[in-house]
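[1] fold the following.
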Amino acid sequence: MKLVLLFGPQAVGKMTVGHELEKLTDLKLFHNHMTIDLVTPFFDYGSKEGKRLVNLFRSEIFEAFAKSNQYGMIFTYVWAFNFQSDWDFVENVCQVFEQEGAEIFFVELESDLHTRLERNITPHRLEHKPTKRNIEWSENDLKTSMDKYRLNSHDGEIQKKNYLRINNTHLSAEEVGIQIKATFNL
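    Sure, this is the predicted structure:
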């Protein structure tokens, strides 16, 4: 079993890279909006009950998947490095998979703000993420979150054996997927 934790700021290309990596491997993509967009029609994005349900669905999927005979999963996540709760979430997800003998791979994506704003409105993103279709809200959230959250790690901050950082500003999702697959022999 393998878990590829694919993380970085909003609209950096996590889901799109995940789709490409899924095509190149036997990994299954679980992008973070699959649960967010499931819950949002019932509870406001970010509400207490909405967060509880998102975390409940994710936890149940992680536990069931980790115990399955599947090859592995790609999970995308916006990791706020300045919030201990995000570090704890990542550690808990890793523990679920490690308890079942899985290998964990950390892939961090980064790109400049201009590129992220362009990617924020791509048809692929909007097709798969209904809550991002309000472009004005989505763009504002992308910009203002940079004031509150640190969404890329500092050099040397992630001390994991299987860690890869990619600046994908000028790379296609396919190129990034190929690089991840080759680096970790997936």
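[2] only C-alpha atoms for contact and neighbour calcs from this point on.
    Noted.
[3] confidence-wise, which helix or strand of the protein is lowest on average?
    Lowest on mean pLDDT, DSSP states H and E among the helices and strands of the chain sits helix 123-128, with a mean of 75.
[4] which strands and helices sit next to that helix?
    helix 14-24 (3 or more C-alpha pairs under 8 Å, 6 or more residues apart in numbering; DSSP states H and E).
[5] quick one: contacts for residue 181?
    Going by C-alpha atoms under 8 Å, 6 or more residues apart in numbering, residue 181 touches 21, 24-25.
[6] rerun at 7 Å
    For residue 181, the contact set (C-alpha atoms under 7 Å, 6 or more residues apart in numbering) is empty.
[7] which other residues reach stretch 4-15?
    By C-alpha under 7 Å, 6+ apart, stretch 4-15 touches 31, 73-79, 104-111, 116, 119-120, 142, 151-152.
[8] now residue 33. Nearest residue, chain neighbours left out?
    residue 129 (6.2 Å; C-alpha to C-alpha, 6 or more residues apart in numbering).
[9] I'd say that neighbour and residue 35 touch.
    No: using C-alpha atoms under 7 Å as the test, residue 129 is too far from residue 35 to be in contact (10.3 Å).
[10] the longest helix in the chain is where?
    Longest helix in the chain by number of residues (criterion: DSSP state H): helix 48-66.
[11] put the alpha carbons of the helix or strand following that one into CSV.
    The first helix or strand that comes after helix 48-66 along the chain, using DSSP states H and E, is strand 72-77. Presented in CSV, the C-alpha positions along strand 72-77 are these (Å, rounded to 0.1, in the frame of the first residue of the first chain):
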residue,chain,number,x,y,z
GLY,A,72,-2.5,3.0,-3.1
MET,A,73,-4.0,6.5,-2.8
ILE,A,74,-3.2,10.0,-3.8
PHE,A,75,-4.7,12.5,-1.3
THR,A,76,-4.6,16.3,-2.0
TYR,A,77,-4.5,18.8,0.8
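[12] show me what strand 72-77 is packed against.
    strand 2-7, helix 14-24, strand 28-30 (3 or more C-alpha pairs under 7 Å, 6 or more residues apart in numbering; DSSP states H and E).
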